[in-house]
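Engineer: Below are the sequence and a predicted model for it; my questions follow.
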Amino acid sequence: MPVLRVILLWHQHQPFYKDLVTGEYRLPWVRLHALKDYYGMVKLLDEFPNVHQNFNLVPSLITQIQDYVAGTAQDPFLSVAAKSAKELTPEERRFALQYLFQANPVNLIGRYPRYQELWERFREHGDNPERAERYFQAQDFTDLQVLSQIAWFDEFFLEDQDVAELVAKGRHYSLDEQKFVIARERELMAKVLPAHAAAAQRGSIEISATPFYHPILPLVADTHCGAISAPGLPLPQNRFRHPEDAREQLVRALDMHQQVFGVRPHGVWPSEGSVSEEVLAIAHSLGIQWMATDEGVLGRSQGLFFARDGNGRLPSNLAEKLYDIYRYEKNSTAMHLVFRDHTLSDLIGFVYSGMPPADAARHLIENIKEAAKPVLDQGRDAVVSIILDGENAWEYYPKSGREFLRRFYDALQQDAAIEAITISEAIARHKNFGTLASLVPGSWINANFNVWIGAPEDNRAWDYLYNAREFYSQNAASARLEQRKLAFEELLIAEGSDWNWWYGPEHHSANDRDFDELYRKHLSNIYQALGAMPPDYLSQPISGIEARPSFTPQTAYIHPRVTGDKVRYFEWMGAAIYTADHRAGAMHGKQFLLDAVYAGIDSTYVYGRLDFKGNPPEEDFEVVVNVESWSEKESRPRCTIRLDAAAGHGRLAQWTVANIEGKTLATSTAAQDGNVKVVLLRNFEFKVPLQWLLTVPSTASTERKPNAALSASNRIRLRFSIWQNRLPVDALPLEGWIEVQVLSEGDLLYAVG
């Protein structure tokens, strides 16, 4: 009988936040995720001995965890959380208000009533630390310091009696209780790595590696690789080509895992699933037996697009291609490859957090079985690979998603028709491998590297790295061994992918400036370690030296939940983006309210998002979104709708959607069926049915006839504006529109490929 094998790989990663020269950690996310996610994710498998999984720990994450456990890591967030509230300086009080609320407002802050009370008080004063500070007394700060840490404690850690008693107390914490929480953090973090080692030793998990500092290996080996997967992509002025560095990043990763876990990894999840034929050859030479990447890379390598139907199912011929293990062989290189099911992985990452856990688990099991059915029906074993981030998604699930995972794992364990196994186990049991003689380079994001190279900021970052690498090559030999080692370490850190993740138009966060400064600090340290002054340009931000690209077209269908929470940037990945150039009118005293707008479609909806520059205005204002559909064959819009949304005190009051004839299509006061949604929270978001824009006016009357054709001749364009006192005060775009092509998902990916 054919067998359905499920591969689950959880990728655990955080950027390298430590400055090797000062020893300070710029951001706290290694510590907080080590408290919240890493231990519980592997410990949970004790309850399900027949569910085997794969865990991927990035070595630079491991070293940072070790640093915290040893007590040698200090970050300013921890320092402020640990200090007596009565001794906090005014600057530290403002820092606490600014950063100790950086947590999911529902599942982390909202879980603790006192924490939410303090957060709401902060929001009442415009999320402004300077304004809010005087409304917080010493006891308020102590409670904030304690609860901002407990909120990140793993579900297993919350079951400890002394921690449970603190949670039950709820407020009025003492200095001794504050000290207890800080001390306990170090004890709990010390459990993370041993838990993984123990699970690996008993065969419950396989631990795979990632290149040490999480570089995009194909680009480190050769930045020209970026233009192979995206022809015509603008490249940096200087070609960065250092396959020896790519090899070193892999060697260090394998050595680290052997040292920490007692076994050398058989497999690698390369950073961001990034592969190329040159990288496979390097990995093969180091004894690596398997690597994993995304279905998009397989599709491009075989000239396919894995198009799914309305239920997310692949046709039989494509299912047979995807749900397999491949053997790549070319020249002297051989490598087993598994390709993640993008759709199933994204369901866990972005969708199931909004469903009841039992329904979500049942839906996932049913989808896995239905996905594999065409392969099983052919009498062949099916291998379904689900690979995703193992930490960030859980902030959006109640109680870190543990009920969902327990129900899902229990269903896997109870179903005799499914094997949940490690990748090495799957390879050992597989009979007929798919074959690959060539591989198109790419990552898990659109099967290219455009997130990390191509935009002006990205390319400048690569040129700065090139200059630092050349300086090292020319000066390292004359430096002392200690200086040379420090400079090379900083160089490897600067090769990491995390810096360029935040450059360019794709991703932005509250910590953009921190990442920019950290990257330039690592580059500066290379020069300083070798006894030289860093170049003057490293004192200037890379972000914002030039205007951000004003427009990026839609590259993939998007399926965002309309929440008004711009933290969920992954859900808008692939949308068209128009970013404001705030410098254009700054010298004339213009006040900018808007930062960026996003637009995109899937087969059912049109989505729009507006990001404010800072918080939404406290004064009354209106958001107006004009949306038009056009055909190249017509001289005027085919269809026009207008969304009017009124807000006050940063909250949405009412909204209306109407067409050009003045007919109301939807309002906030009428019962909605879920096809229309308008939300204002940190940002403004909406969705409306695509069909409203795919109608044509009848020649005989004002009646409109449906036309759902998706073709390159159709496009939708949007303009967002803010009005106060019946006057427009800001708009994006200031001139023209943000446009989206109305194409099928496959045609869209082909158009941008």
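Structural biologist: Here it is on my side, so go on.

Engineer: State the number of residues packed around Asn448.
Structural biologist: Asn448 is flanked by 28 other residues according to other Cβ atoms under 10 Å. The way it works is simple: take the backbone N, C-alpha and C, and place the C-beta from them, glycine included.

Engineer: Correction: the previous question concerned Leu743.
Structural biologist: 20.

Engineer: thought it was touching Ala751?
Structural biologist: Yes. Using Cβ atoms under 8 Å, Leu743 is in contact with Ala751, at 6.4 Å.

Engineer: residue contacts, Met561?
Structural biologist: I think there's a mix-up here, since residue 561 is Arg and not Met. By Cβ atoms under 8 Å, 6 or more residues apart in numbering, the contact set of Arg561 is Phe350, Val351, Gly354, Arg568, Glu571.

Engineer: that's a helix at the last one, yeah?
Structural biologist: Yes. Read with DSSP: H, G, I helix; E, B strand; the rest coil, Glu571 is one of the residues of a helix.

Engineer: outside of stretch 441-449, which residues touch it?
Structural biologist: If you take Cβ under 8 Å, 6+ apart as the criterion, stretch 441-449 is touched by 216, 218-219, 225-226, 228-230, 233, 272-277, 293-294, 296-297, 299-300, 340, 342, 387, 440, 451, 555-556, 573-574, 749, 752-753.

Engineer: where does this structure have its least confident helix or strand?
Structural biologist: Using mean pLDDT, DSSP states H and E, the weakest-scoring helix or strand in the chain turns out to be strand 704-706, at a mean of 40.

Engineer: before we move on, which element is Glu622 in?
Structural biologist: Secondary structure assignment for Glu622, by DSSP states H and E: strand 621-631.

Engineer: Now do that strand: distance to the chain's middle.
Structural biologist: Strand 621-631 sits 29 Å away from the centroid of its parent chain (Cα atoms, centre = their mean, to the nearest Å).

Engineer: Quickly run through the sheet partners of it, with directions.
Structural biologist: According to DSSP bridges, strand 621-631 forms sheet pairs with strand 639-648 (antiparallel), strand 714-724 (antiparallel).

Engineer: pLDDT weak spots in the stretch 451-600 of the chain?
Structural biologist: Along the stretch 451-600 of the chain, segments meeting pLDDT under 70 span 506-510, 544-550, 566-569, 581-592.

Engineer: Which residue ranges of it form helices?
Structural biologist: For the stretch 451-600 of the chain, applying DSSP state H, counting those that start in this stretch gives helices covering 456-475, 481-494, 498-502, 512-529.

Engineer: Would you map the strands across the stretch 101-250 of the chain?
Structural biologist: In the stretch 101-250 of the chain, the strands defined using DSSP state E, counting those that start in this stretch lie at 205-208.

Engineer: domain assignment for this protein?
Structural biologist: What automatic domain parsing lists as the domains of the chain is 66-192, 456-539, 551-752.

Engineer: What count of nearby residues applies to the residue nearest to Phe95 when sequence neighbours are not counted?
Structural biologist: Leaving aside its sequence neighbours, Phe95 sits nearest to Val80 (Cβ to Cβ, 6 or more residues apart in numbering; 5.5 Å). Neighbour count for Val80, taken as other Cβ under 10 Å: 24.

Engineer: wait, Val80 sits on Arg94?
Structural biologist: No. Val80 lies out of contact with Arg94 (Cβ under 8 Å); the separation is 10.0 Å.

Engineer: re earlier: any idea which helix or strand carries the residue nearest to Phe95?
Structural biologist: Per DSSP H and E: Val80 is located in helix 76-82.

Engineer: next structured bit after that helix?
Structural biologist: Reading on from helix 76-82 to the C-terminus, the next helix or strand found by DSSP H and E is helix 90-99.

Engineer: Which other helices and strands does that next one contact?
Structural biologist: When contacts are defined as 3 or more Cβ pairs under 8 Å, 6 or more residues apart in numbering; DSSP states H and E, helix 90-99 packs onto helix 76-82, helix 129-132, helix 138-150.

Engineer: got a list of contacts for that helix?
Structural biologist: With contacts defined as Cβ under 8 Å, 6+ apart, helix 90-99 is touched by 76-77, 80-81, 83, 88, 122, 129-130, 132-133, 136, 141, 144-145.

Engineer: so where do the helices sit in the stretch 201-350 of the chain?
Structural biologist: Per DSSP H, counting those that start in this stretch, the stretch 201-350 of the chain carries helices over the ranges 217-221, 226-229, 243-261, 277-285, 295-302, 316-322, 342-346.

Engineer: Phi, psi for Pro211 please.
Structural biologist: phi -50, psi 140 (degrees, to the nearest 10).

Engineer: and the gap between it and Val251?
Structural biologist: Distance, Pro211 to Val251, using Cβ to Cβ, to the nearest Å: 9 Å.

Engineer: Any regions of the stretch 651-753 of the chain where pLDDT drops low?
Structural biologist: Residues of the stretch 651-753 of the chain that meet the criterion pLDDT under 70 lie in 671-672, 695-713, 726-728, 735, 752-753.

Engineer: Would you convert the domains of the chain into CSV that also reports distance to Ala447?
Structural biologist: Shown next, in CSV, are these (distance: least, Cβ to Cβ, whole Å):
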stretch, distance to Ala447
domain 66-192, 31
domain 456-539, 15
domain 551-752, 8
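
Engineer: Just say which of those domains is most tucked in.
Structural biologist: domain 456-539 (a mean of 19; mean count of other Cβ atoms under 10 Å).

Engineer: What average pLDDT does the strand holding Glu622 get?
Structural biologist: Per-residue pLDDT over strand 621-631 has a mean of 91.

Engineer: In PDB, list the C-alpha atoms belonging to that strand.
Structural biologist: Extracted C-alpha coordinates of strand 621-631, given in PDB (Å, rounded to 0.1, in the frame of the first residue of the first chain):
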ATOM      1  CA  PHE A 621     -10.400  62.800   9.600                       C
ATOM      2  CA  GLU A 622     -11.700  60.800   6.600                       C
ATOM      3  CA  VAL A 623     -10.000  58.300   4.400                       C
ATOM      4  CA  VAL A 624     -11.200  58.300   0.800                       C
ATOM      5  CA  VAL A 625     -10.100  55.500  -1.500                       C
ATOM      6  CA  ASN A 626     -11.000  55.800  -5.200                       C
ATOM      7  CA  VAL A 627     -10.800  52.500  -7.200                       C
ATOM      8  CA  GLU A 628     -11.100  52.200 -10.900                       C
ATOM      9  CA  SER A 629     -10.900  49.300 -13.300                       C
ATOM     10  CA  TRP A 630      -9.600  49.900 -16.900                       C
ATOM     11  CA  SER A 631      -9.200  48.000 -20.100                       C
END
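
Engineer: how far out from the middle of the chain is stretch 472-492?
Structural biologist: Centroid displacement of stretch 472-492 relative to its chain, using Cα atoms, centre = their mean, is 33 Å.

Engineer: gap between the closest residue to Gln237 other than its chain neighbours and Val627?
Structural biologist: Residue nearest to Gln237 in three dimensions, not counting chain neighbours: Asp463, with 5.4 Å by Cβ to Cβ, 6+ apart. Going from Asp463 to Val627 by Cβ to Cβ gives 40 Å.
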